[in-house]
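**Q** Sequence first, then the predicted structure:
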Amino acid sequence: MKKRILVLCTGNSCRSQMAEGFLKFFDKNLEVYSAGTKPADKVNPFAVKAMKEIGIDISQNYPKLVEQFLNDSFDYVITVCDNAKETCPVFIGDVKHHLHIGFDDPAEAIGTEEEVMPVYRRVRDEIKREFQKFVKQIDN
């Protein structure tokens, strides 16, 4: 049976989308979703570009409101930003494990594309490293 994972963030436009992309890439046997407490209109284009640079396409993803998952059951609900950790709703469905793996918000970076992309790459690489560890832990 596939493990069901929900990754939560505030806007569901950047960190949670990258984490969803990595989890799906790392293990095809995971059923992965992401959502936000205040979802943005679209996935952050710099996040899409940062992921595409390493061969993961999240361009067809879209931000989703966490409420649409409240009646679902998950093995893991993982928050990736402090704001989502503080405002995350109580899940009605069966959630076996709540985890928090926090990351800086690259969307707060300001400047030209050349100035902000290094921030997105750093956060992307941190997400990759932490979620690789997570997948290894749940596979054991």
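**A** Alright, I've got the coordinates. Numbers count the residues shown, from 1 in each chain.

**Q** The residue nearest to the spatial centre of the chain: which element?
**A** Computing the C-alpha centroid of the chain and ranking residues by CA atoms, centre = their mean puts S16 first, at 1.7 Å. Take DSSP states H and E as the rule and S16 turns out to sit in helix 15-26.

**Q** On the C-terminal side of that helix, identify the next helix or strand.
**A** Reading on from helix 15-26 to the C-terminus, the next helix or strand found by DSSP H and E is strand 30-36.

**Q** tell me what the helix or strand following that next one is packed against?
**A** For strand 30-36, the succeeding helix or strand toward the C-terminus, using DSSP H and E, is helix 45-52. Taking 3 or more CB pairs under 8 Å, 6 or more residues apart in numbering; DSSP states H and E as contact, the helices and strands that helix 45-52 lies on are helix 15-26, helix 113-139. For glycine as for every other residue, the C-beta is placed from the backbone atoms N, C-alpha and C.

**Q** What angle do helix 15-26 and helix 45-52 make with each other?
**A** Computed by axes from the mean of the first three to the mean of the last three CA atoms, to 10 degrees, the angle separating helix 45-52 from helix 15-26 equals 20 degrees.

**Q** partners of the helix or strand that helix 45-52 is followed by in the sheet?
**A** For helix 45-52, the succeeding helix or strand toward the C-terminus, using DSSP H and E, is strand 74-79. Neighbouring strands of strand 74-79 in its sheet, by DSSP bridges, are strand 3-9 (parallel), strand 95-100 (parallel).
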